[in-house]
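1. Structure here, sequence nowhere to be found:
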Ligand SMILES: Nc1nc2c(ncn2[C@@H]2O[C@H](COP(=O)(O)OP(=O)(O)OP(=O)(O)O)[C@@H](O)[C@H]2O)c(=O)[nH]1
Ligand SMILES: [Mg+2]
C-alpha cells in the first residue's frame, strides 16, 4: 500500500532530525535526494513499520526568502514523480517546527514558513513546538502559534499544534523533561492523511506501542544516569533507598508515555510501586544482598552509585511493564496487589546477579559515567 509523505520544515537547529528520529525510529532507511553541489538537499526517512514517510529539509533557513532551495528541491522531487505518474511523491502533510525555547521567534518563523510553503496551498499543516521542556509555558505557546497563524493566508490549513520533547532533556541532577507528544503527533498525522494512504488504526496502535517502548527505554537510561550521580553524593543506604524526586519523576513520566490518566488513583498506584522499590522488603533484601557480595572490590560512594543506579533502572523496568499492561487494557491502576507483586519480583529475581556483574566490571577509580554505562548495558537501556 502507498504511504503518505510528511514534509518537515523549520529553522536549522530547531530539532527536526531529533524529532524524526523519535517518530520513525532507529530501524529506518535514509535516502538523500538533491542536486549535488548545493548544500540544500532532502533526506527521506522511512521504515517498514512507520505509517508515513518523512522528508527532512536539511539545514533549512526560511529567513533567506530568496533562497528557498530546500523547498525547490521538494518541488522538484514531487514534480518529477508526477510526470512519471508516480503518486507516491506528493506532499500530504507539513510539519512546521518552531522552537519552544524561543517563543519570541514564533511569529516570524510561522510567517516565513508559510511563505516558503505557499505552493502547497491546501495541504494540512501541523505545528510542532519542539523542545517543549517547560510545562507551564506549553498552553501559552500553543495560543501564540494560533495567533501567529490567524494572520496567515494558509490559516485554514492549520490542523493542530503539538508540543513535543523528542528526547529526554536533563534539567539538573534530579529533574528532566521526559519525551512527550511523539505518539500524539503520529496519530494526528495519520488522521489528516488522505483516505487510501491512511494507515489502519490497528497498525497505528502497534507502531505507537513500539515507539512508547523505545522512548521509555531511553528515558529510563537517562534517569539511571541521574540516579548514579545522586547515589554517589548521598549518605550510605542502610534502610532502603529513597531518591524520591528522581523516582517520582521517572515513574510519572513512564505513566504519561503510556497515556495513563493522571488522577488520584494513578497517584496512589505510583506511590505503591515506588514504596516497593525503595523502602519495601524486596528493596531492603536486595541492598543487604549487594553488600554481602563476596570479594566486593568497591566501597563507599562507588557502591552507593551502583545501588542507586540499579534501583532506578529496576524500578523503571518494572513500571514500564506495568503501564504497558494497563495501556493494553489487561490491567487497571486499581490492581495494586498485582503491581506490587510484579515490582517485588523484579527486585528479587535476577537484579542481584546483574549487580554482581556490574561490580565485577568496575573498580574504585570508575567514574559516574562509566558506572552508568555499565548499568545501562546490563539492563539493555
Ligand atoms: N534533549 C533534547 N535535545 C533536543 C531535542 N530536540 C532538539 N534537541 C537538540 O537540539 C540540537 C539541534 O537538533 P537537530 O535535531 O539536529 O536540529 P535540526 O533541525 O535537524 O537542525 P539542522 O539539521 O541543522 O536543520 C541538537 O543538539 C539536539 O540534541 C529534544 O527534544 N530533547
Ligand atoms: Mg537535521
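-> Thanks, I have the structure now. As the structure is a prediction and not an experimental result, all values here were calculated from the model. Ligands and ions are numbered 1, 2, ... in the order given.

2. Which residue does the stretch 251-381 of the chain have closest to ligand 2?
-> Residue nearest to ligand 2 within the stretch 251-381 of the chain: residue 257 (24.1 Å; C-beta to the ion). Using the backbone N, CA and C atoms, a C-beta is placed for each residue, glycine as well.

3. Return the distance of that residue relative to residue 319.
-> 10 Å (C-beta to C-beta, to the nearest Å).

4. what do you get for residue 352?
-> Where residue 319 is concerned, residue 352 sits at a distance of 20 Å (C-beta to C-beta).

5. which of residue 257 and residue 319 has more neighbours?
-> Between residue 257 and residue 319, counted using other C-beta atoms under 10 Å, residue 319 has the larger neighbour count: 29 against 23.

6. Quick one, grab the pLDDT at that one.
-> pLDDT, the model's per-residue confidence, is 97 for residue 319.

7. ok, now residue 148?
-> Per the predicted model, pLDDT is 95 at residue 148.

8. ok, now which ones touch it?
-> Going by C-beta atoms under 8 Å, 6 or more residues apart in numbering, residue 148 touches 106, 107, 110, 111.

9. need the next SSE after the longest helix belonging to the chain, C-terminal direction.
-> For the chain, the helix that runs over the most residues, judged by DSSP state H, is helix 201-233. As assigned by DSSP states H and E, the chain's next helix or strand after helix 201-233 is helix 244-257.

10. any bit of that following helix sitting next to ligand 1?
-> No: Helix 244-257 stays clear of ligand 1 (C-beta under 6 Å from any ligand atom), getting no nearer than 13.4 Å.

11. Ramachandran angles for the residue nearest to the spatial centre of the chain?
-> The centroid of the chain falls nearest to residue 179 when counting by C-alpha atoms, centre = their mean (3.4 Å). Here is the backbone geometry of residue 179 (degrees, to the nearest 10): phi -60, psi 140.

12. any idea how far residue 312 is from the residue in the stretch 151-300 of the chain positioned nearest to ligand 2?
-> Closest residue of the stretch 151-300 of the chain to ligand 2, C-beta to the ion: residue 166 (11.7 Å). Distance of residue 166 to residue 312, given as C-beta to C-beta: 22 Å.

13. the more surrounded of those two?
-> Higher neighbour count among residue 166 and residue 312: residue 312, with 31 against 24, using other C-beta under 10 Å.

14. What parts of the protein come near ligand 1?
-> With C-beta under 6 Å from any ligand atom as the criterion, the chain meets ligand 1 at residues 10, 12-18, 58-60, 130-131, 165-167, 169.

15. Of the residues you listed, grab the buried ones for ChimeraX.
-> Selection of buried members from the residues of the chain next to ligand 1 for ChimeraX, criterion 16 or more other C-beta atoms under 10 Å:
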select :10,14,15,16,58,60,130,131,165,166,167,169
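
16. The residue in the stretch 251-381 of the chain positioned nearest to ligand 1: what's it in contact with?
-> Across the stretch 251-381 of the chain, the shortest distance to ligand 1 (C-beta to the nearest ligand atom) belongs to residue 253, at 13.4 Å. Going by C-beta under 8 Å, 6+ apart, residue 253 touches 176, 178, 219, 223.

17. Most widely separated two among those?
-> 178 and 223 (8.7 Å; C-beta to C-beta).

18. Please enumerate the shared neighbours of those two.
-> 249, 253.

19. Tell me which of the two has more neighbours.
-> A direct count of neighbours by other C-beta under 10 Å for residue 178 and residue 223 places residue 223 higher, at 29 against 23.

20. Could you measure from that one over to residue 319?
-> Remark: distance between residue 223 and residue 319 (C-beta to C-beta) = 11 Å.

21. Low-confidence regions, the stretch 1-150 of the chain specifically.
-> Within the stretch 1-150 of the chain, the ranges that satisfy pLDDT under 70 run 1, 30-41, 59-69, 81-88.

22. By proximity to ligand 2, which residue of it wins?
-> Closest point on the stretch 1-150 of the chain to ligand 2, by C-beta to the ion, is residue 17, at 3.2 Å.

23. For burial, what's the neighbour tally of the nearest residue to that residue once chain neighbours are set aside?
-> Spatial nearest neighbour of residue 17, chain neighbours left out: residue 56 (6.5 Å); criterion: C-beta to C-beta, 6 or more residues apart in numbering. Look at residue 56: counted by other C-beta under 10 Å, it has 23 neighbours.

24. Surely residue 56 and residue 8 touch.
-> Yes: counting by C-beta atoms under 8 Å, residue 56 touches residue 8, with 5.3 Å between them.

25. can you list residues touching both of those two?
-> By C-beta under 8 Å, 6+ apart, the residues touching both residue 56 and residue 8 are 16, 20.

26. tell me which element the residue lying closest to residue 206 once chain neighbours are set aside falls in.
-> Nearest non-adjacent residue to residue 206, counting by C-beta to C-beta, 6+ apart: residue 49, 7.9 Å away. Using DSSP H and E, residue 49 sits in no helix or strand.

27. what's residue 49 in contact with, if anything?
-> The neighbourhood of residue 49, defined by C-beta under 8 Å, 6+ apart, consists of 25, 27, 206, 207, 210.

28. Could you work out the most separated pair of the residues you listed?
-> 27 and 206 (14.0 Å).

29. Please state the offset of the helix or strand containing residue 106 from the chain centre?
-> Assigned by DSSP H and E, residue 106 falls within helix 106-116. Offset of helix 106-116 from its chain centre (C-alpha atoms, centre = their mean, to the nearest Å): 26 Å.

30. do the same with stretch 355-363
-> 30 Å.

31. now do stretch 374-381
-> Stretch 374-381 sits 18 Å away from the centroid of its parent chain (C-alpha atoms, centre = their mean).

32. Could you do stretch 8-16 as well?
-> 17 Å.

33. what about it, start to end distance?
-> End-to-end span of stretch 8-16 (C-alpha to C-alpha, to the nearest Å): 7 Å.
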